[in-house]
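In: next comes the sequence, and after it the predicted model I'd like to discuss.
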Amino acid sequence: MNISVPLERKVALVTGSTSGIGLAIGRMLAANGADVALNGFASSEEIAAIENDIGKETGRRAKHFGHDLSNLKEAGDLVGAVTAALGRVDILVNNAGAQHLADIDEFPDEQWQRLIAINLTAAFATTRAVWPQMKERGWGRIINTASTLAFTAEARKSGYVATKHGILGLTREAALEGAQLGITCNAVCPAWVLTPLVAKQVEAKADELQYSFDEAARNYFLTDMPTRRFVETDEIAAGVLFLCSDAAKSITGIALPIDGGSLVI
Ligand code: NAD
């Protein structure tokens, strides 16, 4: 994707960047000159391959941190570990996310707590931890990956929808507190992107309706999308990249849908 923002000498921490949207964001920020701290789960071979590929493709440092964001303390500690290893954190992308589908009366306690912890509390913990250094330098970019489900709802997703609505509140709060400090905080709101998180849902729907994967995607998921196609991970990364630019310095507290028009219908 041909979009360019100079990020030399910046360090970006992207949570949940071992796959899907976060990985695309990490790659794009590195391609524009930032050193990147990666985070998320994968095998040690996969992680080494991601670090090497980004390093080779971009010439930037790409280093993985295995902190488990379902734990508030580990989420806060992640910022300190990245700062110790890479020197600073200028850009924080709170992207890690988890999903669980169940009717509200059957939604398990532990899944509710897990979604709140990963999708919402971790973003608070990293934001709080990174704030002093961004404030000191008078420059910071915080971008939270929300969802179109930050505006709407979908049956069987009470934990996810509640956390995605919540992350917009945190985004607006940080925008307000950062407004005179040179820190912007915004959210990007994707509709369906075909990542492992969504592939699992398409597979489950295909099984339930006796569809092929493609039929389930076309007849169930893409009917939400006026474009009738999934949003690509790079399209979300491009939105994040723009929000990191100096051109976006007066854009703060927004929730940017990148959704193929799905919120229109
Ligand atoms: P994904 O499953 O490909 O990636 C999720 C990432 O989060 C992975 O790197 C995973 O290892 C990491 N992660 C999960 N639990 C973690 C934990 N406890 N600690 C640290 N890392 C953890 O999914 P994705 O679709 O790329 O999702 C990325 C973000 O985009 C999520 O916040 C998701 O809610 C949001 N989103 C996705 C879509 C979509 O259609 N795919 C739509 C709207 C919003």
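Out: Received, thanks.

In: can you pull the residues of the stretch 1-150 of the chain lying near the ligand?
Out: For the stretch 1-150 of the chain, the contact set with the ligand under Cβ under 6 Å from any ligand atom comprises 16-22, 39-41, 68-70, 95-98, 118, 145, 147. Just so you know, the C-beta spots here come from the backbone N, C-alpha and C atoms, and that holds for glycine as well.

In: which PyMOL command selects the buried ones in those?
Out: Applying 16 or more other Cβ atoms under 10 Å to those, the buried members can be selected in PyMOL as follows:
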select buried, resi 16+17+18+19+20+21+22+39+40+68+69+70+95+96+97+98+118+145+147
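
In: which residues in this protein form strands?
Out: Remark: strands assigned in the chain by DSSP state E are 11-14, 35-39, 62-65, 91-94, 140-145, 183-190, 255-258.

In: what's the spacing between the longest one and its chain's center?
Out: Between the mean C-alpha location of strand 183-190 and the chain-wide mean there is a distance of 10 Å, by Cα atoms, centre = their mean, to the nearest Å.

In: wait, does it contact the ligand?
Out: Yes - under the criterion of Cβ under 6 Å from any ligand atom, strand 183-190 makes contact with the ligand via Pro190.

In: what strands line up against that strand, and which way round?
Out: Under the criterion DSSP bridges, strand 183-190 sits next to strand 140-145 (parallel), strand 255-258 (parallel) in its sheet.

In: now the longest one - C-alpha only, PDB.
Out: Below are the C-alpha coordinates for strand 140-145, written out as PDB (Å, rounded to 0.1, in the frame of the first residue of the first chain):
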ATOM      1  CA  GLY A 140       2.600  10.800  21.600                       C
ATOM      2  CA  ARG A 141       0.200   8.800  19.500                       C
ATOM      3  CA  ILE A 142      -2.100   6.300  21.000                       C
ATOM      4  CA  ILE A 143      -4.400   4.400  18.800                       C
ATOM      5  CA  ASN A 144      -6.900   1.800  20.000                       C
ATOM      6  CA  THR A 145      -8.400  -0.800  17.800                       C
END
